[in-house]
Each structure stands twice: as C-alpha cells, then as structure tokens.
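Novice: Predicted model and sequence below, questions to follow.
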Amino acid sequence: MNTLLSAATAVPAGDAGDVLRIRGGRPLAGRVEVKGAKNLATKAMVAALLGETESVLRDVPDISDAQVVRSLLEVHGVTVTDDGEGTLRLDPRDAVSAHIEEIDAHAGASRIPILFCGPLLHLLGQAFIPDLGGCRIGDRPIDFHLDALRAFGAIVEKLPSGIRLSAPDGLRGADIALPYPSVGATEQVLLTAVRAKGTTELRNAAIEPEIMDLIAVLQKMGAIISYEPNRVIFIEGVDRLRGYDHRCIFDRNEAASWACAALATDGDIFVAGAKQPEMLTFLNVFRKAGGDFDIAEDGIRFRRGGALKPVVVETDVHPGFMTDWQQPLIVALTQAEGTSTVHETVYENRLGFTGALNKMGADIVVHPEGFASPDRRVPRRALEQAAVITGPTPLHGADVVVPDLRGGYSYVIAALAADGVSTVRNIGIIRRGYEKFLDKLTALGADFDVVG
C-alpha cells in the first residue's frame with residue numbers, strides 16, 4: 001500500500017517544489033513538446049479494465065492525474081508497467097474489488113473515479129465512488145453520471161463515505177438524452193454501454209476530439225459504436241472486449257496554453273506535436289487577437305504578428321472555443337489595445353482567477369451573471385459569467401496562489417510577462433495537466449527559482 005501511495009504522490013525530478021519565484025519581462029522562446037492529452041490518456045487507462053487481455057497505451061503524459069489513475073487501477077489488481085518513455089502496459093486479468101479506504105486514499109485529487117463505475121460493474125458487479133476532488137472551478141454535478149448508470153440498471157446507494165453501486169442483474173442498453181453535452185457523462189455512457197446487453201442510444205453527446213479518440217480505443221477493443229449527425233451516438237453492446245494498442249491524441253489544451261504564453265510574453269514558441277485540425281477554432285481566435293502561426297509537419301510555431309487586438313470570445317463545447325483555452329488567453333488580452341470580452345458559458349466559477357491578475361495590474365471586470373449581446377452565437381446559460389478586459393495595462397510582480405489547473409498556468413505566464421518579481425504558490429496543481437512544466441519553462445528561457 002505504501003508503494004502505491006508513493007506512486008500517486010511522487011513528483012518527478014525537475015518539477016519539485018510548491019512555490020516559484022519568477023522574474024518577469026522576458027519573452028519565452030524555444031521549443032516544447034506536447035504528449036498525449038490528459039483528457040484522453042486517463043480515460044483510455046480506465047477503458048483497459050474492460051479488456052480480457054493486456055492493453056498498450058502510448059504517449060501517456062507524466063502528470064499527476066495519470067499517476068492517480070494508475071494507482072486506482074493497481075489497487076483494483078490491474079498490473080501496470082511503464083517503459084519510462086510514456087508507454088504503459090495495463091493487464092486487467094487479475095482485477096479485484098478494492099477496499100473503500102484504498103480507493104479514497106488515491107482518489108482525493110481526481111474526478112476520474114466516477115468513470116470506473118461502468119467497467120467495474122461489468123467486471124465485478126459493484127463499484128464505489130468516494131467524495132470527488134479536482135479543480136474548484138464550479139459545480140460539476142455527478143447527477144448526469146448517476147442518472148445514466150441507473151438507466152443501465154445500476155442500483156445507486158448514497159452513503160456517508162461516498163456512493164456504492166451494484167448491478168445484481170447486469171447492465172442493459174439504454175436510451176439516454178443528456179441535458180447538456182457533458183464530456184464526462186458521455187465518457188461514462190461509452191465506457192458502460194460497450195458491454196451492456198442490447199443497444200444504447202446517446203443523444204446530445206459531447207463530440208470533442210478526445211471523445212472520438214476514446215471511441216477509437218473502444219473500437220480497437222471490439223466495441224461497435226457509430227456516430228450519427230446531431231450529437232447522437234449508437235453503441236451495440238458486446239459480450240467480450242480485448243486489449244488495445246493505441247497512441248494518445250495530442251494535448252490541444254497544453255498546446256493552446258503555450259501559444260498564449262508566446263502571445264502574452266511577445267515570445268516565439270514551437271509546439272512540437274500540435275496539429276492544426278483539432279485546433280482550428282483556437283487558431284482563428286489566436287489570429288484575430290494579433291497572433292501569427294506557422295503549421296509544420298511536426299508541430300505549430302506561435303508568435304505575435306503585430307500589436308495585440310481585442311476580441312470577443314464565447315466558450316462552448318466542441319467545436320466551440322474550449323473553456324480551458326480562455327484562462328491563458330485572458331492573460332494575453334490584458335496587453336491588447338482595446339476592450340475584449342470573454343463569455344464563459346461552461347463553468348460558473350472559471351473567471352475567479354482574474355482577481356489575482358487585477359492584483360498584478362490588469363483591468364478585468366467580471367459580470368457574475370454574464371450579459372446579453374446582439375453578436376452572441378452561443379445560447380446563454382443560467383450559470384454563465386463574462387469578463388471584460390481593458391488593455392493594454394502593464395503587469396507587475398505580485399504574490400499569488402494557484403487556484404486550479406488552467407488558472408495556475410495563467411498566473412505563471414502573467415508573472416513571466418510582468419515587470420518585477422512574482423511569487424506563485426501551490427504550483428503542484430499545475431502538474432495535474434502539464435508534463436515536465438518547469439523543465440519546459442527553463443527550455444524557453446524563463447527566469448525563475450523553485451522555493452522550498
């Protein structure tokens with residue numbers, strides 16, 4: 001057990017420390033490489049539970065979220081081996097039930113455990129979900145997940161320590177319509193429906209590239225899944241699945257983050273592994289904001305194309321502008337000449353990070369309930385917010401605390417773009433989604449020290 005805890009909490013060399021002291025005012029320039037997407041790799045690791053033979057997953061990023069999932073798989077008896085270069089071998093043939101205490105010990109830092117439910121119900125007939133962790137960016141209800149699992153025939157019991165699920169009669173196909181195209185709920189349905197008896201129809205499904213890559217993984221395992229127009233997915237349940245051999249789709253969130261870093265610091269960054277098709281929406285906004293980019297066979301080069309310009313952005317589910325992209329972009333928009341507006345329609349608390357940017361000299365006003373606009377294309381939601389960014393405003397050093405994954409990255413980039421010295425605390429959160437983050441900053445010429 002101590003070994004597993006160590007695997008979940010260990011921090012690789014080069015990423016140690018919880019506080020950064022950053023001396024800003026220097027453009028970031030150089031080359032970084034992005035590996036597999038966090039939002040695919042962790043889900044594909046869970047999918048390995050469904051196979052009767054070993055699975056091989058390639059380009060897995062060395063991030064804490066992947067380590068958490070690995071530990072959860074191991075406490076359930078899955079053998080996981082790592083070649084040290086991003087390739088995992090996952091053998092589920094000795095999978096067993098895990099004690100609640102073991103699950104809880106490894107799950108606190110991640111929301112992935114909810115996705116174990118379908119595979120474990122098929123494999124063992126039962127599953128347990130402890131209290132869920134993850135970034136505090138707003139209400140992420142698990143009702144979508146639980147309602148879907150009930151539709152498949154699962155019995156849900158809410159306990160003081162978490163939620164216990166069982167399927168004494170097995171799981172059967174279901175007709176499910178999501179009230180919102182939730183990525184997590186779509187993943188839940190896919191991971192459950194592939195082994196359920198009969199056919200499942202999922203309407204209003206998420207269709208992000210990572211979802212399509214998960215479907216590719218499941219199809220390699222023997223699943224029968226078809227995508228229809230208007231966000232409809234059909235899954236024909238099968239009796240058995242085998243292992244897969246798959247290379248993860250690249251992490252477009254990390255690629256966009258480094259692009260925004262080039263924009264904010266007036267730098268020049270080549271992001272190896274980034275691809276154009278999955279980033280079309282981002283690239284359009286990047287260009288409108290004054291950025292320039294060159295598409296190469298092995299990546300994308302990002303830099304400014306002149307003075308930064310104000311833009312209006314509305315976050316939305318794919319193929320819209322991702323909510324994960326707006327936070328680092330807002331840092332760059334503080335240096336644009338004019339007033340930009342970012343309408344956040346996905347998470348209700350994702351603009352809370354802007355307070356620290358104002359502390360650093362930005363002029364950002366958050367409208368807690370958002371506002372209507374004649375140019376709006378994304379339907380308004382009850383939980384939405386809007387940020388109005390007026391620039392350019394010189395940024396200066398400050399002492400800030402990382403609130404969440406993308407917000408934390410944004411604080412680091414703001415500090416690198418600012419004059420003077422900044423102290424950024426709680427940077428461990430950034431390791432949830434950015435592999436070798438400090439090593440990459442060093443490669444780009446950032447001036448910082450790890451404190452403590």
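Specialist: Sure, I can see it. Numbers count the residues shown, from 1 in each chain.

Novice: Glu201 sits in which helix or strand?
Specialist: Glu201 belongs to strand 199-203 when elements are defined using DSSP states H and E.

Novice: For the following helix or strand past that strand, which residues meet the burial criterion?
Specialist: With elements assigned by DSSP H and E, the helix or strand that comes after strand 199-203 is helix 209-220. For helix 209-220, the neighbour count (16 or more other CB atoms under 10 Å) marks 209-211, 213-218, 220 as buried. Backbone N, C-alpha and C define where each C-beta goes, glycine included.

Novice: burial measure for Asp449, as a count.
Specialist: 11 (other CB atoms under 10 Å).

Novice: for it, phi and psi?
Specialist: phi -130, psi 150 (degrees, to the nearest 10).

Novice: same question, Phe302
Specialist: The phi and psi values for Phe302, taken as degrees, to the nearest 10, are phi -120, psi 140.

Novice: what separates Gln80 from Glu210, distance-wise?
Specialist: That one is not Gln; residue 80 is Val. 21 Å (CB to CB, to the nearest Å).

Novice: cool, Ser257 as well?
Specialist: 16 Å.

Novice: so who does the closest residue to Ala37 other than its chain neighbours touch?
Specialist: Residue nearest to Ala37 in three dimensions, not counting chain neighbours: Asp251, with 4.2 Å by CB to CB, 6 or more residues apart in numbering. Shown in contact with Asp251 (CB atoms under 8 Å, 6 or more residues apart in numbering): 34-39, 61, 433.

Novice: Counting only helices, which of these make the cut?
Specialist: 38-39 (DSSP state H).

Novice: Now render the contacts of Asp251 as TSV, adding pLDDT and neighbour count.
Specialist: Output for these, formatted as TSV (pLDDT from 0 to 100; neighbours: other CB atoms under 10 Å):
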residue	pLDDT	neighbour count
Val34	97	25
Lys35	96	22
Gly36	97	27
Ala37	97	26
Lys38	95	25
Asn39	94	24
Pro61	97	23
Gly433	91	25
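
Novice: could the contacts of Asp251 be laid out in TSV, adding distance to Leu49?
Specialist: Below are the contacts of Asp251 laid out as TSV (distance: CB to CB, whole Å):
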residue	distance to Leu49
Val34	27
Lys35	22
Gly36	19
Ala37	20
Lys38	19
Asn39	18
Pro61	20
Gly433	23
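
Novice: What is the nearest of the contacts of Asp251 to Gly153?
Specialist: Asn39 (27.8 Å; CB to CB).

Novice: That closest one reaches Gly184, doesn't it?
Specialist: No - with contacts counted by CB atoms under 8 Å, Asn39 stays clear of Gly184, the gap being 9.7 Å.

Novice: Which neighbouring elements make contact with the strand holding Glu201?
Specialist: strand 175-177, helix 183-193, strand 232-236 (3 or more CB pairs under 8 Å, 6 or more residues apart in numbering; DSSP states H and E).

Novice: So for Arg93, which of the ones you listed sits nearest?
Specialist: helix 183-193 (18.6 Å).

Novice: that older thread, out of the helices and strands packed on strand 199-203, deepest packed?
Specialist: The highest mean neighbour count among these, using mean count of other CB atoms under 10 Å, belongs to helix 183-193: a mean of 26.

Novice: what does it contact?
Specialist: Here helix 183-193 makes contact (CB under 8 Å, 6+ apart) with 39, 43, 46-47, 50, 111, 114-115, 117-119, 121-122, 140, 144-145, 148-149, 152, 171, 173-174, 176, 178, 200, 202, 205-206, 208, 210-211, 214-215, 218, 225, 233, 235, 237, 317.

Novice: What subset of those is buried?
Specialist: Looks like the contacts of helix 183-193 have 39, 43, 46-47, 50, 111, 114-115, 117-119, 121-122, 144-145, 148-149, 152, 171, 173-174, 176, 178, 200, 202, 205-206, 208, 210-211, 214-215, 218, 225, 233, 235, 237, 317 buried, using 16+ other CB under 10 Å.

Novice: in stretch 81-91, what counts as buried?
Specialist: For stretch 81-91, by 16+ other CB under 10 Å, it's 86, 88-91.

Novice: Please narrow these to those residing in helices.
Specialist: Per DSSP H, the buried residues of stretch 81-91 never map to helices.

Novice: Closest one to Leu351 out of those, please.
Specialist: For the buried residues of stretch 81-91, the nearest to Leu351 is Gly86 (33.7 Å; CB to CB).

Novice: Quick check: bridge partners of Gly36?
Specialist: Phe250 (DSSP bridges).

Novice: what's the answer for Val19, then?
Specialist: Assigned bridge partners for Val19, using DSSP bridges, are Arg425, Val451.
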